[in-house]
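*Asks:* need the 3D shape of this:
(one chain, ligands or ions: 1)
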Amino acid sequence: MEVVIAPADRLARLAADVVERLVRAGATEGGHAVLGLATGSTPLAVYDELARRHVEDGLSFAGVEAFMLDEYVGLAADHPERYRNVIERELVARVDLDPADVHGPDGLAPDLPAACAAYEAAILEAGGVDVQILGIGTDGHVAFNEPGSSLASRTRLKTLTHGTRVDNARFFGGDLDAVPLHCLTQGLATIMQARHLVLLATGRGKAEAVHQLVEGPVSALWPATVLQLHPHVSVLVDDDAACRLQLAGFYREAYAAKPTWQGL
Ligand code: GLP
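*Replies:* Coordinates of the predicted model:
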């Protein structure tokens, strides 16, 4: 696990560099590039940067396949906060990603367990995710794997915690009742199968979750801690999100001393 502490705009560029390298190379393991997309506000700066590179540098996403992490259950197909619509708006419509190549769990499916199984199969069929962008909730959730999630979990139906619904109410005009209670989410084991995980966190509200993620014991109580068991994780945090890290000084030194050819 590599921790990079830097201003938010630099973190967004670093994450965009990882995506650009993947997209230009075509894939990390043959076939075509498969990108894992996250929602929430933190990755938006990465999508802004990718959109800029598409326009200014000709970065093309043609042929890239993308998989989203999660989706609310029951939000109408045209609801602006349906994650599928958020990703369309924030990234897909701004680059040349083919919407038909962007997949998400179907929160409107009549048979939700079948939709979850189909989603797992689709990820496998695509050859797995090369680079997965991740955010983190204040309670340490990744995607919508709330505390108590099995570390071996697969895509499934979950209930959101009250805290997550309060956090996300800002996207629903502050109306807690408008935030769905249920979601479909890739499981922790699903996420762990991606070949490179790039997690971004900014702001003091994420400091405890980041401390647990990097330095806490691996535990379902802080689901993101399972990432400690992944061989290739980049944790990109600003000063505020890093303020509780016990070894922050060492992470800064190690990154400053890193050979430039190594990348993330
Ligand atoms: C939601 C998403 C997560 C995201 C989290 C934090 O719960 N399902 O994928 O990481 O919010 O979002 P933000 O980046 O807005 O703090």
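*Asks:* from Asn145, how far out is the nearest residue to Glu81 once chain neighbours are set aside?
*Replies:* Excluding the flanking residues, the one nearest Glu81 by Cβ to Cβ, 6 or more residues apart in numbering is Phe171, at 5.1 Å. For every residue, glycine as well, the C-beta is placed using N, CA and C. Distance of Phe171 to Asn145, given as Cβ to Cβ, to the nearest Å: 19 Å.
*Asks:* ok, now Glu208?
*Replies:* Taking Cβ to Cβ, one finds Glu208 at 17 Å from Asn145.
*Asks:* comparing these two, which shows the higher neighbour count?
*Replies:* Asn145 (29 against 17; other Cβ atoms under 10 Å).
*Asks:* list the contacts of that one.
*Replies:* Ser153, Lys158, Thr185, Gly187, Leu188, Ile191, Pro223 (Cβ atoms under 8 Å, 6 or more residues apart in numbering).
*Asks:* and the residue lying closest to Met192 once chain neighbours are set aside, how far from the ligand?
*Replies:* Leaving aside its chain neighbours, Met192 sits nearest to His230 (5.6 Å; criterion: Cβ to Cβ, 6+ apart). When distance is defined by Cβ to the nearest ligand atom, to the nearest Å, His230 is 16 Å away from the ligand.
*Asks:* can you start the count at 15 instead of 1 from here on
*Replies:* Sure thing, new numbering starts at 15, so read that last one as His244.
*Asks:* count of neighbours near His244?
*Replies:* Neighbour tally, His244, other Cβ under 10 Å: 16.
*Asks:* that one contacts Leu211, correct?
*Replies:* Yes - at 5.8 Å, His244 counts as touching Leu211 under the criterion of Cβ atoms under 8 Å.
*Asks:* what's the pLDDT at the nearest residue to Gly142 once chain neighbours are set aside?
*Replies:* Closest residue to Gly142 apart from its sequence neighbours, by Cβ to Cβ, 6+ apart: Gln207 at 5.7 Å. You'll see Gln207 listed with a pLDDT of 98.
*Asks:* quick one: contacts for Gln207?
*Replies:* Ile137, Gly142, Val143.
*Asks:* now with 10 Å?
*Replies:* Contact partners of Gln207, counting by Cβ atoms under 10 Å, 6 or more residues apart in numbering, are Glu134, Ile137, Leu138, Gly142, Val143, Gln146, Arg168, Gln200, Gly201, His244.
*Asks:* likewise Leu261?
*Replies:* Val17, Val228, Glu229, Glu267, Ala268.
*Asks:* check Ala203 too.
*Replies:* So Ala203 contacts Glu134, Asn159, Ser164, Leu165, Ala166, Ser167, Arg168, Thr169, Val240 (Cβ under 10 Å, 6+ apart).
*Asks:* same thing but 8 Å
*Replies:* Contacts of Ala203 by Cβ under 8 Å, 6+ apart are Ser164, Leu165, Ala166, Ser167, Arg168.
*Asks:* doesn't Arg96 make contact with Phe185?
*Replies:* No - with contact defined as Cβ under 8 Å, Phe185 does not count as touching Arg96 (10.7 Å).
*Asks:* look at these two and report which has more neighbours.
*Replies:* The residue with more neighbours, out of Phe185 and Arg96, is Arg96; 21 against 16, by other Cβ under 10 Å.
*Asks:* next, count neighbours for Leu111.
*Replies:* Using other Cβ under 10 Å: Leu111 sits among 25 other residues.
*Asks:* wait, Glu104 touches Val60, no?
*Replies:* No - using Cβ under 8 Å, Glu104 makes no contact with Val60, being 9.7 Å away.
*Asks:* which of the contacts of Asn159 sit farthest apart?
*Replies:* Among those, the pair separated by the greatest distance (Cβ to Cβ) is Lys172 and Ile205, at 13.3 Å.
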